[in-house]
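Participant: Any chance you can model this:
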Amino acid sequence: MRGNGITPSQIPGPSTEGDGAQAILDAGGLHTYQLGLHAEYGPVVRFPLPGAGLAVSIADPVLLEATAKINKRPEKLFEFLAPLQESGNLQTLPADEHGPWRRVMLSVLAGRPSHEAHFAHFTALATDLADAWQARAASGPASGGGTTPHTPRNGPASGGGTTPHTPRNCTVTSQKDLSELSLRMICRYALGSGLTPEESARVVAAFEAVLTEHLGRLYQPDAPDTSDEAEEGLAYLRATVDRVLAAHRESTGRSDMIAALAESGASPARIRDSVLMAMLAAHHTTGVAISWVLYTLSQHPDAAARVAAELDEVLGDRAAPDYADLRRLTYLDRVLRETMRLYPPGPYGAREATEDITVGDYEIPAGTTIFYPFWAVHMNPRYWPDPHVFDPDRFTPEASAGRPRLAYIPFGIGPRSCEGAALAMVEAELVLAVLLKRFEFRLTPGRPVTPTERFVLWAANDIHLDITLRE
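Facilitator: As a prediction, the model looks like this:
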């Protein structure tokens, strides 16, 4: 190793005995384990990581700059996604393959004209969900769907065309419903094909079955065998992708991800893999982020009232924004960003150093796993005073001006960051505007919310919210 710096073995950290799996389980997951490590040992920590050996975790945005151009992921850490792919793991493609693939994906997912062109479709899907929630609330006892109507806290409503026997609110399982909505959005936008609500629900369940088996094995080798459910889920996912591709071949004039990949010379297997990964990434990130916003606002009624007032001012009597309105919803944008600081959809990432690098006082050799603890970065008190406090005004232009660019990284950093970040923000702000214009949200009593690691920062047992029509 070059240089006279401190080696990874000399970086502060916990015991290196074992593979670290038990310590992660004892902490409640890798996301909470990282928070504890950096609170105890500082901004640079070495620790044993299952599948990676000795890893180095960096929670300081200035020190992260030294790693920002790394274009390699540790293959072992992403093996759990291999069953979903046929042409090679898209998460660990070599840089010379990944670059062209990423450019194609960005051309589809990151273009503002394309976002604007599809905005009416997004609005229709978001409105469908809001209508469904409202209908469930007014229809009496629900059957299935994860939504339970009940009467308002202050008793039956009167006036406004509502009888004393008609419930005005209900309980929704927000992560389930919003993940399914996000899945329908990405399919309509990028794949040129829609999914029915029933198909979306089955796809979400199938992904969960596959990830439970293969991601769970990374940290719990002795977990109950769910391989049969995973195989059944994988078969359904592949059949769904085949239907999407067949529908695309029969259509004409579409400009979407499938067409762009085909024009780039991608193989049929690479196209199928890209479709499946887009479906996985979209429903896990955008839907989860929206549900955390609704949860956070349920805990901060003053901020919720401020969002509602902004929506009333910008939208007037309209139930949904136009694309141009999003730029005027500045407080809603800050609420979304602050929530993703507190609950980043992906709580961590990883790279593999391709050459020796210097991080502060430390020399880190090529081949070392560099761990990105996004949640710990977002909780670094040096850059986020009172980091556990919800304060959307951290994201005013003035407050953001003096902050290092990597202090806020909900979509990752560098050449392996999320290709769909811009699209996710458009979708999230639209859905939030539609829902918050129509409903008020409160956390359902007796339904605690516990963040847990499920590829993204999920909530164990979902986020159950009571929704009430705004007057």
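Participant: what helix or strand does the spatially closest residue to residue 13 that is not a sequence neighbour sit in?
Facilitator: Excluding the flanking residues, the one nearest residue 13 by C-beta to C-beta, 6 or more residues apart in numbering is residue 46, at 4.1 Å. Where C-beta positions appear, they are placed from N, C-alpha and C, glycine not excepted. For residue 46, the host element (DSSP states H and E) is strand 44-49.
Participant: ok, then the element right after that strand?
Facilitator: Downstream of strand 44-49, the first helix or strand assigned by DSSP H and E is strand 53-58.
Participant: Identify the residues contacting the host helix or strand of residue 203?
Facilitator: Per DSSP H and E: residue 203 is located in helix 197-214. By C-beta atoms under 8 Å, 6 or more residues apart in numbering, the surrounding residues in contact with helix 197-214 are 79-84, 176, 179-181, 183-184, 195, 226-227, 229-230, 232-234, 236-237, 240, 279-280, 283-284, 454-455.
Participant: Which among those count as buried?
Facilitator: Neighbour counting by 16 or more other C-beta atoms under 10 Å classes 79-81, 83-84, 176, 179-181, 183-184, 195, 226, 229-230, 233-234, 236-237, 240, 279-280, 283-284, 454-455 among the contacts of helix 197-214 as buried.
Participant: can you give me the helices in the stretch 301-450 of the chain?
Facilitator: 301-315, 330-342, 374-378, 397-401, 421-438 (DSSP state H, counting those that start in this stretch).
Participant: what's the last one packed up against?
Facilitator: For helix 421-438, the helices and strands in contact under the criterion 3 or more C-beta pairs under 8 Å, 6 or more residues apart in numbering; DSSP states H and E are helix 112-138, helix 174-190, helix 268-298, helix 301-315, helix 330-342.
Participant: average pLDDT across it?
Facilitator: For helix 421-438, the mean pLDDT works out to 96.
Participant: got the CA coordinates for that helix in PDB?
Facilitator: Presented in PDB, the C-alpha positions along helix 421-438 are these (Å, rounded to 0.1, in the frame of the first residue of the first chain):
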ATOM      1  CA  ALA A 421     -34.100  10.700  -8.900                       C
ATOM      2  CA  ALA A 422     -35.600  13.600 -10.900                       C
ATOM      3  CA  LEU A 423     -38.600  11.500 -11.900                       C
ATOM      4  CA  ALA A 424     -39.100  10.400  -8.300                       C
ATOM      5  CA  MET A 425     -39.300  14.000  -7.100                       C
ATOM      6  CA  VAL A 426     -41.900  14.900  -9.700                       C
ATOM      7  CA  GLU A 427     -44.000  11.900  -8.800                       C
ATOM      8  CA  ALA A 428     -43.700  12.400  -5.100                       C
ATOM      9  CA  GLU A 429     -44.600  16.100  -5.100                       C
ATOM     10  CA  LEU A 430     -47.600  15.400  -7.400                       C
ATOM     11  CA  VAL A 431     -49.000  12.600  -5.300                       C
ATOM     12  CA  LEU A 432     -48.500  14.500  -2.100                       C
ATOM     13  CA  ALA A 433     -50.200  17.600  -3.600                       C
ATOM     14  CA  VAL A 434     -53.200  15.500  -4.600                       C
ATOM     15  CA  LEU A 435     -53.500  13.700  -1.300                       C
ATOM     16  CA  LEU A 436     -52.800  16.600   1.000                       C
ATOM     17  CA  LYS A 437     -55.300  18.900  -0.900                       C
ATOM     18  CA  ARG A 438     -58.000  16.400  -0.200                       C
END
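Participant: in that helix, what counts as buried?
Facilitator: Those would be 422-438, for helix 421-438 by 16+ other C-beta under 10 Å.
Participant: Also the first one?
Facilitator: Residues of helix 301-315 classed as buried under the neighbour-count rule (16+ other C-beta under 10 Å) are 303-304, 306-308, 310-311, 314-315.
Participant: need those residues in a markdown table with distance to residue 411 and pLDDT, can you?
Facilitator: Listed next are the buried residues of helix 301-315 as a markdown table, based on distance: C-beta to C-beta, whole Å; pLDDT from 0 to 100:
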| residue | distance to residue 411 | pLDDT |
| --- | --- | --- |
| 303 | 23 | 98 |
| 304 | 25 | 98 |
| 306 | 25 | 98 |
| 307 | 22 | 98 |
| 308 | 27 | 98 |
| 310 | 24 | 98 |
| 311 | 25 | 98 |
| 314 | 26 | 98 |
| 315 | 27 | 98 |
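Participant: Distance to residue 342 added to these, as a markdown table?
Facilitator: Output for the buried residues of helix 301-315, formatted as a markdown table (distance: C-beta to C-beta, whole Å):
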| residue | distance to residue 342 |
| --- | --- |
| 303 | 12 |
| 304 | 15 |
| 306 | 17 |
| 307 | 16 |
| 308 | 21 |
| 310 | 20 |
| 311 | 22 |
| 314 | 25 |
| 315 | 26 |
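Participant: residue contacts, the residue nearest to residue 13?
Facilitator: Residues in contact with residue 46, defined by C-beta under 8 Å, 6+ apart, are 8-9, 11-13, 16, 54-57.
Participant: Could you check how far it is from residue 18?
Facilitator: 14 Å (C-beta to C-beta, to the nearest Å).
Participant: what residues are up against residue 76?
Facilitator: Neighbours of residue 76 in contact, by C-beta under 8 Å, 6+ apart: 51-52.
Participant: Residue 288 versus that one, what's the distance?
Facilitator: 25 Å.
Participant: what does residue 21 give?
Facilitator: 25 Å.
Participant: neighbour-wise, which of those two wins?
Facilitator: Shown here are residue 21 and residue 288; by other C-beta atoms under 10 Å, residue 288 has more neighbours (28 against 17).
Participant: need the contact list for that one.
Facilitator: Residue 288 neighbours (C-beta under 8 Å, 6+ apart): 175, 178-179, 345, 456-458.
Participant: can you check residue 299 too?
Facilitator: For residue 299, the contacting residues are 390, 443, by C-beta under 8 Å, 6+ apart.
Participant: ok, 10 Å please
Facilitator: Applying C-beta atoms under 10 Å, 6 or more residues apart in numbering to residue 299 gives the contacts 390, 441-443, 449.
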